[in-house]
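Peer 1: Provided below are the primary sequence and the corresponding predicted coordinates.
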Amino acid sequence: MSKSRSFFSFNVRPLVFWPPFALLISAVIFSIFLPEIFSNQILNLQQAILINFSVGFSWVSFLMLFLLVIVFFSPLGKYRIGGIKTKPRLTKLSWFAIILCTTIAVGILFWGSAEPLNHFFFPPEFFDLKPESNESQSFALGALFFHWGFIPYSIYAVPSLVFGLILYSGKPRYSLVNIIKPILGQKKGENWSGLLDSICLFALVTGMAASLGAGILSISGGILSFFPNWNLVLIQPAITLLILLTFLISASSGIEKGIRSLSLFNLGFFVLLLVLFVVLGQGLAIFPAFADNLKTYIHYFLDLGLQISGAGNQWTFDWTTFNLAIWTAWAPITALFLGKIAVGRTVREFLIFNLFLPAIFCTFWMSIFGGATLKFAAQAPDFYKNLLEVSGPESIIYQVSKDMGYFNLFSQLFIIAMFISFVTAADSSTDALASISMKKAGKDVFKTDVNLKVLWGTLMASLAWVMITFAGVDGVRMLSVIGGLPALFLIILAIISLILILINPKKHLS
């Protein structure tokens, strides 16, 4: 009896841990045994959200960037998170590496090539662009910059900044309710704590499990390109287990050791890929091309950001709104981690490292890989279009490597990079999941219950393998988008909180 009580009194907040845990297991069961009904119902709900809240996602995201620019140049920009005497726990390079690897996961590894290809072949009709033309090629990179640049990083930066400021301004509970404390007052809002944390936790877990599942498929596909006779049934669980074991080793080391070291290695690997792609591919021509791509990005920025031409269009729903909904769904839980590791930094430093530098890195990456992909696609449009439609987005970067003449080199590097990126993203995400679901936190918020991190990591890895083996990742991935709706309203409250802090910092940060 005592052991049973010990298990159910495990260091978790029951109303935060068990509801999303049960919902996730139920969703996977339904996706296995009733796949068509499950997918159809979730798809209908997702489409309803994308259609009815499309303009809301865009305008709120645009407002956040505008607000952050004001904050950057305001007196609040000089405020040090944690107080004037607080020292940072991480070096600037380690801090940036962790931020970048936490926020991009593996998205840039294949969407950097696959997304511009979609826009090149299927540009939005509201801009009157001819498919496979120079104009659609230019637009493709501009849209890519928009979906991976300053707007999405603003979605992460606002709640992260508010959470960090409030967390280190007193002794509030480690909960998302901190994001709305400036609105409710320091002593209010505890009744909302469990509900907010539970909903946002569910959105991130579904997204991470689906992302991990897609990554396992991509890595196994890359391995099969080298060893076509290997058994896929054995490869996929082996990859899953290897990711899990690597993550467990890193997770047990904490933020200042495991996550920091892995993120620095991950960042170094990204830089290596960039340098090799530039030297062996486009050479110095990449720099004027990057300048031209930035001009295109600026040209379409207001139109895409405010949906001036594309409101109510299916392309907008499928790309801009879908991307913003995903970023929004993940933002609240990610904010717990990004806000926590910002201690000792000024608000201005926070915005440089959480907004400007990651956005610039991503746009430069997209310019290199997207530009190379479009160059080859323009030379063989029918082949690339068929490859995209038949083999999927994860196949594009491997074909680009083959066209460059360095298939073995880049394919092996991309397989390693995807593996490292998944482990790094899982490490920081499970740190946030464990922190928010802990019943009792220690005095040092950098110290998270390792058992809970292992539990969440094992759960996500297991669910990812079950999905790709028996069901498919699309249904559960769509659940993450649905989580973007409640997250959108929390983000709006985060905007109000930041405005209140901006107006009267002494009142809310003392």
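Peer 2: That came in fine, so what should we check first? Numbering: from 1, shown residues only.
Peer 1: ok, longest helix in this protein?
Peer 2: Taking DSSP state H as the criterion, the chain has its longest helix at helix 190-226.
Peer 1: list the buried ones in that one?
Peer 2: Of all the residues in helix 190-226, those buried under the rule 16 or more other CB atoms under 10 Å are 193-194, 196-223. Quick note: C-beta positions are derived from backbone N, CA and C, even for glycine.
Peer 1: My understanding was that residue 115 contacts residue 369; is that so?
Peer 2: No. Using CB atoms under 8 Å, residue 115 is not in contact with residue 369, being 10.1 Å away.
Peer 1: Find the residue closest to residue 364 in space, skipping its chain neighbours.
Peer 2: Among residues not flanking residue 364 along the chain, residue 290 sits closest, at 6.4 Å (CB to CB, 6 or more residues apart in numbering).
Peer 1: Just the buried positions in stretch 291-306, please.
Peer 2: For stretch 291-306, burial by neighbour count (16+ other CB under 10 Å) applies to 293-294, 296-297, 300-301, 304-305.
Peer 1: okay, who's weakest in these by pLDDT?
Peer 2: When the buried residues of stretch 291-306 are compared by pLDDT, residue 293 scores lowest at 88.
Peer 1: Okay, and that residue sits in which element?
Peer 2: Element membership for residue 293, per DSSP states H and E: helix 286-306.
Peer 1: What are the contacting residues of the helix or strand following that helix?
Peer 2: Where DSSP H and E defines the elements, the next helix or strand beyond helix 286-306 is helix 314-315. Helix 314-315 is contacted by residues 122-126 when judged by CB atoms under 8 Å, 6 or more residues apart in numbering.
Peer 1: got those as JSON lines, with neighbour count and pLDDT columns?
Peer 2: Formatted as JSON lines, the contacts of helix 314-315 follow (neighbours: other CB atoms under 10 Å; pLDDT from 0 to 100):
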{"residue": "122", "neighbour count": "18", "pLDDT": "95"}
{"residue": "123", "neighbour count": "22", "pLDDT": "96"}
{"residue": "124", "neighbour count": "21", "pLDDT": "95"}
{"residue": "125", "neighbour count": "12", "pLDDT": "92"}
{"residue": "126", "neighbour count": "16", "pLDDT": "93"}
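Peer 1: Please convert the residues you listed to CSV, extending it with distance to residue 319 and secondary structure.
Peer 2: Conversion of these to CSV gives the following (distance: CB to CB, whole Å; DSSP: H, G, I helix; E, B strand; the rest coil):
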residue, distance to residue 319, secondary structure
122, 10, coil
123, 11, coil
124, 8, coil
125, 13, helix
126, 12, helix
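Peer 1: what stretches of the stretch 201-350 of the chain score poorly on pLDDT?
Peer 2: Within the stretch 201-350 of the chain, the ranges that satisfy pLDDT under 70 run 254, 256, 282-285.
Peer 1: Remind me what the helix or strand where residue 350 lies packs against, helices and strands.
Peer 2: For residue 350, the enclosing helix or strand under DSSP H and E is helix 347-351. Where contact means 3 or more CB pairs under 8 Å, 6 or more residues apart in numbering; DSSP states H and E, helix 347-351 is packed against helix 54-73, helix 150-167.
Peer 1: mind putting those helices in a markdown table, distance to residue 500 included?
Peer 2: What follows is those, written out as a markdown table (distance: least, CB to CB, whole Å):
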| stretch | distance to residue 500 |
| --- | --- |
| helix 54-73 | 12 |
| helix 150-167 | 10 |
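Peer 1: Nearest to residue 419 among those helices would be which one?
Peer 2: helix 150-167 (23.9 Å; CB to CB).
Peer 1: Now the next helix or strand after that closest one: buried residues?
Peer 2: Later in the chain than helix 150-167, the nearest helix or strand by DSSP H and E is helix 181-184. Counting neighbours by 16+ other CB under 10 Å, one finds that the buried residues in helix 181-184 are 181-182.
Peer 1: Helix 181-184 packs against which elements?
Peer 2: Contacts defined by 3+ CB pairs under 8 Å, 6+ apart place helix 181-184 against helix 150-167, helix 484-503.
Peer 1: Single out the most deeply packed of these.
Peer 2: Among the helices and strands packed on helix 181-184, helix 150-167 has the highest mean neighbour count (mean count of other CB atoms under 10 Å), at a mean of 27.
Peer 1: That one versus helix 484-503: what angle between them?
Peer 2: With axes from the mean of the first three to the mean of the last three CA atoms, to 10 degrees applied, the angle from helix 150-167 to helix 484-503 works out at 60 degrees.
Peer 1: Give me the mean pLDDT for helix 150-167.
Peer 2: Averaged across helix 150-167, pLDDT comes to 96.
Peer 1: and if you look at stretch 485-498?
Peer 2: Across stretch 485-498, pLDDT averages out at 94.
Peer 1: Return that stretch as PDB; C-alpha atoms alone will do.
Peer 2: C-alpha atoms of stretch 485-498 as PDB (Å, rounded to 0.1, in the frame of the first residue of the first chain):
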ATOM      1  CA  LEU A 485      -6.000  28.300 -30.100                       C
ATOM      2  CA  PRO A 486      -5.900  28.500 -26.200                       C
ATOM      3  CA  ALA A 487      -2.300  29.400 -26.500                       C
ATOM      4  CA  LEU A 488      -3.300  32.400 -28.700                       C
ATOM      5  CA  PHE A 489      -5.400  33.800 -26.000                       C
ATOM      6  CA  LEU A 490      -2.600  33.300 -23.400                       C
ATOM      7  CA  ILE A 491      -0.300  35.100 -25.800                       C
ATOM      8  CA  ILE A 492      -2.700  38.000 -26.000                       C
ATOM      9  CA  LEU A 493      -2.700  38.200 -22.200                       C
ATOM     10  CA  ALA A 494       1.100  38.100 -22.300                       C
ATOM     11  CA  ILE A 495       1.100  41.100 -24.600                       C
ATOM     12  CA  ILE A 496      -1.100  43.000 -22.100                       C
ATOM     13  CA  SER A 497       1.200  41.900 -19.300                       C
ATOM     14  CA  LEU A 498       4.300  43.200 -21.100                       C
END
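Peer 1: who's in contact with the helix holding residue 350?
Peer 2: For helix 347-351, contacts defined as CB under 8 Å, 6+ apart pick out 68, 71-72, 76-79, 81, 157, 160-161, 164-165, 342.
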